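> Below is the sequence, then the predicted model.
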Amino acid sequence: MPFDAPTTDFISSIGAAGGSDAEAAAPAPRRGQPSSGGAKRAILIFASCALSSACEKNGTVSVDGSSTVFPIMEAVASEFQKFEPTRVSVAVSGTGGGFAKFCAGTTDISNASRPIGPSEVELCAKNGVEYIELPVAYDALSVLVNSKNDWAHDITTEELAKIWEPAAQSTVTNWSQIRAEWPDKPLHLYGAGKDSGTYDYFTEAIVHKEHSSRSDYTSSEDDEVLVKGVASDEGALGFFGYMYYAAHEAELKVLPVDDGNQENGAGPIAPAPNTVRDGTYQPLSRPLFIYVSKASRARTGVDAFVTFYLEKGWKMVGNVGYMPLPVDAYPLAIERFSAGRTGSLFHGGGSQVGVSIAELLRMEESEKR
């Protein structure tokens, strides 16, 4: 089932500046499998007026970055173009790959499954690219095994670290090495590629050092590749965003995670909307973002699209399988965008583990003051 979205009263509470009432005029997008094609895949969604003077005036909004955020962006872009002439081009090269293009000034918007990092801040500054950071949703990074796996029913963060730390390479290769009661079966690992914000966040949360892990695993920036790998391999263990698990529940089995911190809830806790909202699914809950170029914001098409994204796109977040932010968050994001407030709430530090929705709201309110 899709995740719950904020109430419809939210729209009237913040106004409907710019654009038609899209959510009333068209059905919500169907939750399902994202578009396939890997890190090089790209979609160019055209409005019916693609060759008209109106389209030429508004131009194209170019988007690249996170495969995790891609399904949200794809759904919002498709809906937006039913009512507006602007074309939206959405490509996927991972959070890191997206930031490389964005900070070089070649894209208008960058999808990101973690906050911007130090080297990316430096690159943007070098190229004179100012950015507006906008939180748009919440995700529960999930640990998955094959549906035929009948021995693993949960896992601890210590066990995950034992599996994924650099020292485990070519050493931890069997399920029995993780937990004594697990069988003597080969362990096959699947995870995000190194250009992915999912990889950055997972390594920071589990190994306690971003971009540090063993390298002898099947990696991809395309989450569908990872889904297919885990679904076809009985000895598999992988990690990727919750949406991709939710779209393939019959083929995969999710493992509840125990972080050993009683304050976050006792014992193993499974990723779910309620455990993300109450802060008990730790340390693998994380906010998702879009970054908008301040220079691009001055263009009518970009301004209209991002405004639509923030005012109406929240409903599609739940429909594609992620968790909308609380209703309080979206007016704050709209205010941040309208004011052209640049920089990051995370001060360019990259992945920030354990940031709750409540804390994210406090950060937003604090900056606003």
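Arrived safely, thanks for sending. Numbering: from 1, shown residues only.
> Could you pull out the helices in the stretch 51-200 of the chain for me?
Here the stretch 51-200 of the chain has its helices, by DSSP state H, counting those that start in this stretch, at 53-58, 70-80, 94-103, 118-126, 157-164, 197-206.
> Mean pLDDT lowest where, among the ones you listed?
Per-stretch mean pLDDT for the helices of the stretch 51-200 of the chain is lowest at helix 53-58 (a mean of 41).
> in stretch 130-142, what's buried?
Judged by neighbour count (16 or more other CB atoms under 10 Å), stretch 130-142 contains these buried residues: 131-142. For glycine as for every other residue, the C-beta is placed from the backbone atoms N, C-alpha and C.
> Could you do stretch 73-86 as well?
Buried residues in stretch 73-86, counted by 16+ other CB under 10 Å: 73-81, 83-86.
> Specify which member of the residues you listed is nearest to Phe102.
Taking CB to CB as the measure, Phe102 lies nearest Met73 of these, at 13.5 Å.
> Ile290 is in contact with the closest one, correct?
Yes: counting by CB atoms under 8 Å, Met73 touches Ile290, with 7.4 Å between them.
> Between those two, which contacts overlap?
Listed as contacting both Met73 and Ile290 by CB atoms under 8 Å, 6 or more residues apart in numbering are 109, 111.
> What count of nearby residues applies to Trp151?
Counted by other CB atoms under 10 Å, the residues lying close to Trp151 total 12.
> and if you look at the one 5 residues further on?
Here the count is done by other CB under 10 Å, and Thr156 has 18 residues near it.
> How about the contacts made by it?
Counting by CB under 8 Å, 6+ apart, Thr156 touches 257-260, 268.
> could you redo the last one with a cut-off of 6 Å?
Going by CB atoms under 6 Å, 6 or more residues apart in numbering, Thr156 touches Asp258.
> ok, what's across the strand from it?
Under DSSP bridges, the beta-bridge partners of Thr156 are Asp258.
> Where do the helices of the stretch 251-369 of the chain begin and end?
In the stretch 251-369 of the chain, the helices defined using DSSP H, counting those that start in this stretch lie at 273-277, 294-297, 300-312, 314-319, 329-339, 357-368.
> now these as TSV including mean pLDDT?
Formatted as TSV, these follow (pLDDT from 0 to 100):
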stretch	mean pLDDT
helix 273-277	86
helix 294-297	96
helix 300-312	94
helix 314-319	86
helix 329-339	87
helix 357-368	64
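> Thr106 is nearest to which of those?
It's helix 294-297; of those, that one is closest to Thr106 (CB to CB) at 10.8 Å.
> For that closest one, list the C-alpha coordinates in CSV.
Extracted C-alpha coordinates of helix 294-297, given in CSV (Å, rounded to 0.1, in the frame of the first residue of the first chain):
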residue,chain,number,x,y,z
LYS,A,294,19.9,29.7,-7.7
ALA,A,295,20.8,31.0,-11.2
SER,A,296,18.3,28.5,-12.7
ARG,A,297,15.6,29.5,-10.2
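> and that helix, which residues are buried?
Applying a neighbour-count criterion of 16+ other CB under 10 Å, one finds 296-297 buried in helix 294-297.
> for stretch 163-177, same thing?
By neighbour count with 16+ other CB under 10 Å, stretch 163-177 contains the buried residues 163-165, 168, 172, 175, 177.
> Closest to Arg277 out of these?
Set against Arg277, the nearest of these by CB to CB is Trp164 (26.9 Å).
> helix/strand/coil for the residue nearest to that closest one when sequence neighbours are not counted?
Sequence neighbours aside, Ser213 is the residue nearest to Trp164 in space, at 4.9 Å (criterion: CB to CB, 6 or more residues apart in numbering). With DSSP: H, G, I helix; E, B strand; the rest coil as the basis, Ser213 sits in coil.
> Around Ser213, how many other residues sit close by?
For Ser213, the tally of surrounding residues (other CB under 10 Å) stands at 25.
> quick revisit: just put the helices of the stretch 251-369 of the chain in a markdown table and tack on distance to Asn146.
Formatted as a markdown table, these follow (distance: least, CB to CB, whole Å):
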| stretch | distance to Asn146 |
| --- | --- |
| helix 273-277 | 23 |
| helix 294-297 | 43 |
| helix 300-312 | 36 |
| helix 314-319 | 28 |
| helix 329-339 | 36 |
| helix 357-368 | 32 |
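> Which one of those lies nearest to Ala100?
Closest approach to Ala100 among the helices of the stretch 251-369 of the chain (CB to CB): helix 294-297, 16.6 Å.
> hang on, the earlier thing: quick one: which of the helices of the stretch 51-200 of the chain is nearest Val302?
Ranking these by proximity to Val302 (CB to CB) places helix 53-58 first, at 9.0 Å.
> if I pick Ile72, what's in contact with it?
So Ile72 contacts 317, 320 (CB under 6 Å, 6+ apart).
> Arg179 versus that one, what's the distance?
Ile72 is 36 Å from Arg179, where distance means CB to CB, to the nearest Å.
> One more: Ala329?
Using CB to CB, Ala329 is found at 39 Å from Arg179.
> Pick out whichever of those two has more residues nearby.
Ala329 (23 against 15).
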